[in-house]
Each structure stands twice: as structure tokens, then as C-alpha cells.
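Engineer: Using only what follows, build the 3D model:
(chains A and B)
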Amino acid sequence: MSESRFATFTELLRARTAELADEDVHVFLRDTADGPVAEHLTYGELDREARRIAACLQSYGVAEQPVLLAYSSTVEFLKGFAGCLYAGAVAVPVPLPGEAGRDKRLNRTTAVLKDTGAAVVLTETDAAPEVALWLARNTRSTAECLVTDVSEIGDPEAWRPVAARGDDLVFLQYTSGSVSEPRGVTVSHRNLLANQASLKKLLHTTREDVFGSWLPYFHDMGLVAHLLHPVYLGSHSVQVTPLSFVKRPLRWLQAIDEYGVTVGGGPNFCYDLCVHRVKDEQIAALDLSRWRLALNGAEPVRAESLDAFAERFAPAGFRPEALRPCYGLAEATLVVSGGEPGTPYVRKEFDQAELERDRAEAAGTETRRRTLVGCGVPVDTDVRIVDPLTHHELPPGAVGEIWVRGYSVARGYWRRPTETVRTFLAAVNDEESNFLRTGDLGMMVDGELFVTGRLKEVIIINGRNVYPQDVEWAARTVSPALTFGAGAAFSVDAGREHLVLVQEVRGVADSTELRTVAQKIQALIGQEFEIPAGNILLVRPGAVRRTSSGKVQRTLMRKLFLDGVVRGEYEVLTPDVWALARAEDVLFGGDLLRPEGADGGRRW
Amino acid sequence: MTIPTGRHALAADTAKADGVYEWLSARLSLYLRRAPESIDPAVPLAEYGMDSVAALSLCGDLEEEFGLEVEPTLLWDFPTVSALVRHLTAVLPDVPADPAAARGQS
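Structural biologist: Residues are numbered from 1 along each chain as shown, chains lettered A, B, ... in the order given. Down below sits the predicted model:
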């Protein structure tokens, strides 16, 4: 039973499918007009299907080559993923390309297809027309589309086992990197097995645990913790579709109740959705008492969200100590740190002014305070807090960049040697090498890791990583008045993370026209990036600061905005952000000059 | 059986539209995190920071409250409160039962 005897995840998978042939490995809850319908997959079926798909893949000569996986059903995805492993291919989970007509340059799946140069895309019957049309439109790609749920494809008896080694790649994770510059994290069998061992140690998981998720399979937390960890343990998982969860968060909680889920979670925002969208009488009908680990990671963890969730779902038997904030990232396969199961999570009140000076001091009675949630203790990894400029290690209680070293840390980014060296091969104090630079800021206090902010410019909203350059590029496409203007997208923290876009506009002075331009930008961002774009400032040419080489200074623009220095010819702000960046207007009576209407000027 | 005259039908439609409007503003106020009276019915919801999560949430509410199956693109096809109320009043079978109950928790 010990997992340490396996050199590759494929060996482990073969052993599990042999010993547990008749048991479920996965249950997919398909959305139908009559509600969710369960589709079961046993370990035995998974093995047979993987051999069939692998046999077919082998005829394409894909050993050690990337193969894209685009599915709507996680049952079909798992078969395809296992098929890639059996064929010795490198699995690349991607979202379905989406409806035709979407702007190709914004499309992440297209970006991944180009970056990997994959020759084969796996999909299922339901999604095949969409995938085939998308491939046909990508004239530069000659990739083949293989529909894996058609049983005539491949013969399980024709499959020839592949001798894989621990250092071979098992999959690429494209969760980091912008659409214009995608970066695929190269995860090896050794990385994956190491991180699975860390998850087991951290979460005290066993074969008795049942996993329940709504996360997409192409999300690192969805794939590694909710789909592959159960396989590692010989347990099983239940999957609600992401669309079904966002429409009705109750569906996830009902699955947790019905299937006796013990481990399941997602980014912070999913707990907020449950709090706001599930009604009292629905909570009364739920039993969440068996849910022992409600993981919270992949975006900043907020104490208010945890408190609100624990209080709201207490009547359903939910235990507050089940809330489990964690820290991790795709570059380290997934998990880096987490707290001890069964104990309450750690929270501390810090002096805000000291935090701004990069130091941790307990908040006094008279000071501005900021509550931070601890992300637990690093497991099997060497975590250091490092000065991002000098690369010198900082003492406990000091804020710096989080650097990580260990067997879970991936080798680098697919075909990007320069970024790989910069990100994965950093040296602390010019001595100890092979550290991963996470780009996150944090500190160690009493052995507990606290994440305080971000050095990299990525914006994380609704659990989604959005890159400023993608937003800036997209915004410029809505009107000719913006084509030659610079833009700066960044996020500010007003109770939660908000996107702000400062965009230069030329040749438009009329306020009605400016407002129309802003609304077009807002609709585009809200729909294409799936995050709220409540804060847009249209400014005069030259107002967006750039370096002498022309690089947009987003961090400086963010500071100028928060200081109230950046003002738009036209601007629209949400009430929370207005209170943050325009607070002085209230003191000086400036708000009296603001027009009424949709400008966010009113607070409540 | 009485056949409603034009005037009665109009009055009933107005009452229905009012009910839809009240229900909709309560839900939107929750998703957009602002007071219902600060949402101008003629202004595109994107201007208040409407995104796909909020749009899908509202689709879920419509399905749950009224049994109305809607496309996830509803809020982009009918981008303002006025447009949504007009559309929903036309397609909904009846006046929402109790706007206060529909407000839910926040």
C-alpha cells in the first residue's frame, strides 16, 4: 500500500486500478434540465479506457510530447488524462476553446496550443464540434482532434506499456502566465508524487476520505488536490461543474452532503458565494458535519469570509475547525503550506503602519490594524523570506518575497529557458541555489506563513489569475480613440481585490462619448475576463507613466491612484474603491461637486 | 370567464413589471454591492462592475425562483435594468410571489 515504492504516477495508477477494479474512482454530476445526474467511473473502467486511448495515441507517436485535453465531463477527462500517462505523453489540461467568434487573441486555449505546439487535442463527442471548428480556424496549427469517448477508437489489447522514469514530465500546468505570454509549468512524475505525499502528510488524508469539488480540471487545485489526490490514496472524488456551482452554489454543498464528502474546497470567493446565495431553509436541510477539510487557497484568504461561512453553515453541522487556509502555486505542483487538521486556523492582528514598512508587529489598542490569516506551516519544503532586490534572507517577522525549494518544485516553464532561470533557479545569499521565486510577499511569524501581498503584477479576482497586459491590450480594441493610448491595469484592496484600469484617450472630449467608451471597456472585461470592471479612469495622453524604455509603470500608477493624484477626464468607481482613493474629497467637500448617478459617488 | 380589457391588461402588466423590478434590484444590489436606489435602470450594468460570476448568479436565481431557463448571455443581451425588466415581464409566466422573500440573505 505504501506510495513511496512508485517511481512514476503511472505505476501508481496501474497498481490502484488493479487492486480497486470494482470501486469508484470518480462521480461526475452532469447538469440536465431535471437536475444533476451522476455518472460513475470505476478504477477498472479507467484502466481499460486508458489503455484504449493510449493505444490510439501511440499510433500518433506522442511519447514525451504535449497532448491537449479539452473536455466538459471530468469522467471523460480522467480517462483521457490516464490515456496520456499510459502512452507516455505529456498531458496539458485546457479549458474548452469557447464559442466561435470570440477574439482569438484573447483565447487562452489558442495560446496554449501555440505555446506547446501540440499535435493532438483530445476531446469528447459533446464538445467535438466546438473543438473541431476552433482547430479549423487556427490555420497555423495542424493538430488532430481525437474524440476519445467513441469506443471504436483504439484497442485496449493493442496498448504497449511505456517505460517512464521519475524525471519524465507528466503534465503541463498553464495556470500562470498571461494570454500573450503563456507559461506552462513542467511537472514531472517525481514532482507530482512528492506533492501528493505532502498533501497526504498535511491533510492526514486516507483511503476513507471522499473528495468533492466544483473547480475546473485545468485549475491546479482542482487537478492536483481534488482529482489526482483521491487516485493517489485509492479513494474517490465527486465533481460538480463550475457553471452549475456559480449558478447555484447549493449544488456543491448538496453533493458534499449526499456523497459524504470529507475534503473539498476552492478559492476564497467560493465561500462568499455560498454565504450570500444559499438560503436559510436550504441550510436547514443540509448535513455538512462530515466535511472535515474545507480547503481555502489559490487567492488571498480573508478572515471575514471564513467567519461568515462558519457562522452561516453552523446550523448544517459545519465545524469551524474544518476551514483550512493553505498556500501553494502551480510552480510548486500545488501545496506549499497548510495548518494542522482539526485545529482552528491561525489569525493575527498586525499593526498596519508597521506592515507598510515590511515589519510584523502585533496591533496595539490605538493603531490601525490588519487581520491576516495564517497559511500554516511549510510541509516538506524549504521556505525562506528573501529581500527581492538583494536576494538576502530576512529574519522572522520581516516581510519579503516567499522563496521555495523542494521536490515538489517543478523544473521550469515549457520551452522558456530565460524565465525558467529567473524564476526557478534563484540563489539565497549567493550561496544556496535552486529556489523558486513565487512572486508573493509574506513573512514567517512563530513558524506560520502569512501572505501579505504580491510582487508580481497578476490580479487575482474570483480565483482567476488575470494579467494586466491582457486587460490593457483588450481595452485598447474597443475604440479608435484608445488605439494609441497607454493603459495601466492594477488591483487595489478595498475589502476585497478590485480591478482598476487607467487608460489614455485621444480626441474625445464629450463626456457622454467618454462614458460610452468606458462602458464598452467594462462590458468587454466583465464578459471576456469574467471579473468585475467597476473602476475605469479615462485620462489625457501622457498621464499613464512609463519608463524611458516605454514600459508601463503599474506599481507607480497604483500608488498615484491611491494617493488621489490620478484623476480621469471621465471616471467611474465602485463605492468601496471610491472610499479608498477619494476619501479626502469628503474632508474637503470635493464630493459636493460630483454629479449624481452611476459614478459611485454615493456610499452606503 | 372575463376577458380583460386593454386597460386592465395594462394595469396587470405594470404590477408585474413592478414586481420584477423590485426583485431584480434586490438581487443586483447584492451582487454589485451597492444600494438598490443607486442603480440607474437606464445605465448598463457593466458600468457598476457586472461580471460573469454576477451574471451567472442571476441566471441561477431566475431558474430557482421562477423555473425560468435562461442563457448565460442574458445579461449581455439585455444590459440594463430597464431592458431586463421588459424582457422578463414578457417571458415570465406570473408576478413574483414575494419580493421580500426573494431578497434572500446578504
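Engineer: residues contacting the residue of chain B found nearest chain A?
Structural biologist: Residue nearest to chain A within chain B (CB to the nearest CB): residue B:49, separated by 2.7 Å. Where C-beta positions appear, they are placed from N, C-alpha and C, glycine not excepted. When the contact criterion is CB atoms under 8 Å, 6 or more residues apart in numbering or on different chains, the partners of residue B:49 are A:522, A:526, A:532-535, A:574, B:32.
Engineer: Could you identify which of those has the most neighbours?
Structural biologist: residue A:533 (31 neighbours; other CB atoms under 10 Å in any protein chain shown).
Engineer: Which secondary structure state does that one sit in?
Structural biologist: Three-state call for residue A:533 (DSSP: H, G, I helix; E, B strand; the rest coil): coil.
Engineer: Chain neighbours aside, what residue packs nearest to residue A:433?
Structural biologist: In this structure, residue A:433 finds its nearest non-sequential neighbour in residue A:427, 4.4 Å apart by CB to CB, 6 or more residues apart in numbering or on different chains.
Engineer: burial count for the one you found?
Structural biologist: 13.
Engineer: ditto for the one 4 residues further on
Structural biologist: For residue A:431, the tally of surrounding residues (other CB under 10 Å) stands at 8.
Engineer: now residue A:444
Structural biologist: 23.
Engineer: Could you check the pLDDT of it?
Structural biologist: pLDDT recorded at residue A:444 is 97.
Engineer: Likewise for the one 10 residues further on?
Structural biologist: Looking at residue A:454, its pLDDT is 86.
Engineer: Nearest spatial neighbour of it, chain-adjacent residues omitted?
Structural biologist: Using CB to CB, 6+ apart, the nearest residue to residue A:454 is residue A:440, at 5.7 Å.
Engineer: List the contacts of that neighbour.
Structural biologist: Taking CB under 8 Å, 6+ apart as the test, what residue A:440 contacts is A:327, A:329, A:401-402, A:451, A:453-456.
Engineer: Mind checking if the helix or strand where residue B:31 lies is in reach of chain A?
Structural biologist: For residue B:31, the element it lies in under DSSP states H and E is helix B:6-32. Yes - for helix B:6-32, a contact with chain A is found by CB under 8 Å from any CB of the partner chain, at B:30, B:32.
Engineer: ok, the helix or strand following that helix near chain A or not?
Structural biologist: Note on helix B:6-32: by DSSP H and E, the next helix or strand toward the C-terminus is helix B:52-66. Yes - for helix B:52-66, a contact with chain A is found by CB under 8 Å from any CB, at B:52-57, B:59-60, B:63-64.
Engineer: Closest to residue A:382 out of those residues?
Structural biologist: residue B:53 (36.9 Å; CB to CB).
Engineer: re the thing from before, do you know how far the residue nearest to residue A:433 is from chain B?
Structural biologist: As judged by CB to the nearest CB, to the nearest Å, residue A:427 and chain B stand 41 Å apart.
Engineer: rewinding a little: so among the contacts of residue A:440, which ones count as buried?
Structural biologist: Among the contacts of residue A:440, those that count as buried by neighbour count (16 or more other CB atoms under 10 Å in any protein chain shown) are A:327, A:329, A:401-402, A:451, A:454.
Engineer: Read off the pLDDT value for the residue most central in space within chain B.
Structural biologist: Among the residues of chain B, the one closest to the centroid is residue B:24, at 3.6 Å (CA atoms, centre = their mean). Here, the pLDDT recorded for residue B:24 equals 94.
Engineer: isn't it right next to residue B:84, touching?
Structural biologist: Yes - contact criterion CB atoms under 8 Å: residue B:24 and residue B:84 qualify, at 6.1 Å.
Engineer: Please list the residues of the stretch 1-150 of chain A that sit near chain B.
Structural biologist: Counting by CB under 8 Å from any CB, the residues of the stretch 1-150 of chain A near chain B are residue A:33.
Engineer: Filter the residues of helix B:52-66 next to chain A down to the buried ones.
Structural biologist: The buried subset of these - by 16+ other CB under 10 Å - is B:52-57, B:59-60, B:64.
Engineer: any weak-confidence spans in chain A?
Structural biologist: A:1, A:99-105, A:585-604 (pLDDT under 70).
Engineer: Of all the residues in it, which one is nearest chain B?
Structural biologist: For chain A, CB to the nearest CB, closest residue to chain B: residue A:534, 2.7 Å.
Engineer: Test my guess that that residue contacts residue A:573.
Structural biologist: Yes - assessed by CB under 8 Å, residue A:534 is found in contact with residue A:573 at 7.0 Å.
Engineer: hmm, back to that, pull up the pairing partners for the helix or strand harbouring the residue nearest to residue A:454, direction included.
Structural biologist: Assigned by DSSP H and E, residue A:440 belongs to strand A:432-445. Applying DSSP bridges to the sheet, strand A:432-445 is found paired with strand A:400-405 (antiparallel), strand A:426-428 (antiparallel), strand A:448-454 (antiparallel).
Engineer: Using CSV, write out every CA atom in the first one.
Structural biologist: This means strand A:400-405. Taking C-alpha atoms only, strand A:400-405 is exported to CSV below (Å, rounded to 0.1, in the frame of the first residue of the first chain):
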residue,chain,number,x,y,z
GLY,A,400,9.8,39.8,1.8
GLU,A,401,9.4,37.6,-1.2
ILE,A,402,8.4,33.9,-0.5
TRP,A,403,11.1,31.5,-1.9
VAL,A,404,10.5,27.8,-2.0
ARG,A,405,12.8,24.8,-2.6
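Engineer: Specify the local secondary structure of residue A:127.
Structural biologist: helix.
Engineer: Then residue A:371?
Structural biologist: strand.
Engineer: For it, which non-adjacent residue is spatially closest?
Structural biologist: Among residues not flanking residue A:371 along the chain, residue A:303 sits closest, at 4.7 Å (CB to CB, 6+ apart).
Engineer: Residue A:325 now?
Structural biologist: According to CB to CB, 6+ apart, the nearest residue to residue A:325 is residue A:301 (4.2 Å).
Engineer: got it, and residue A:265?
Structural biologist: In space, residue A:265 is closest to residue A:295, 3.0 Å off (CB to CB, 6+ apart).
Engineer: Double-check that that neighbour belongs to a strand.
Structural biologist: Yes - Residue A:295: assigned to a strand according to three-state DSSP.
Engineer: and it, what is it in contact with?
Structural biologist: Contacts of residue A:295 (CB under 8 Å, 6+ apart): A:203, A:221, A:225, A:263-266, A:324, A:326, A:338.
Engineer: Try it again at 7 Å.
Structural biologist: Residue A:295 makes contact with A:225, A:265, A:324, A:326 under the criterion CB atoms under 7 Å, 6 or more residues apart in numbering or on different chains.
Engineer: Measure how buried residue A:40 is and give me the count.
Structural biologist: 12.
Engineer: pretty sure it contacts residue A:25?
Structural biologist: No - the pair residue A:40 / residue A:25 is not scored as a contact, 8.9 Å apart, by CB atoms under 7 Å.
Engineer: from memory residue A:329 sits against residue A:437, does it?
Structural biologist: No - in this structure, residue A:329 is not within contact of residue A:437 by CB under 7 Å, at 10.7 Å.
Engineer: Since that was my last question, I'll sign off now.
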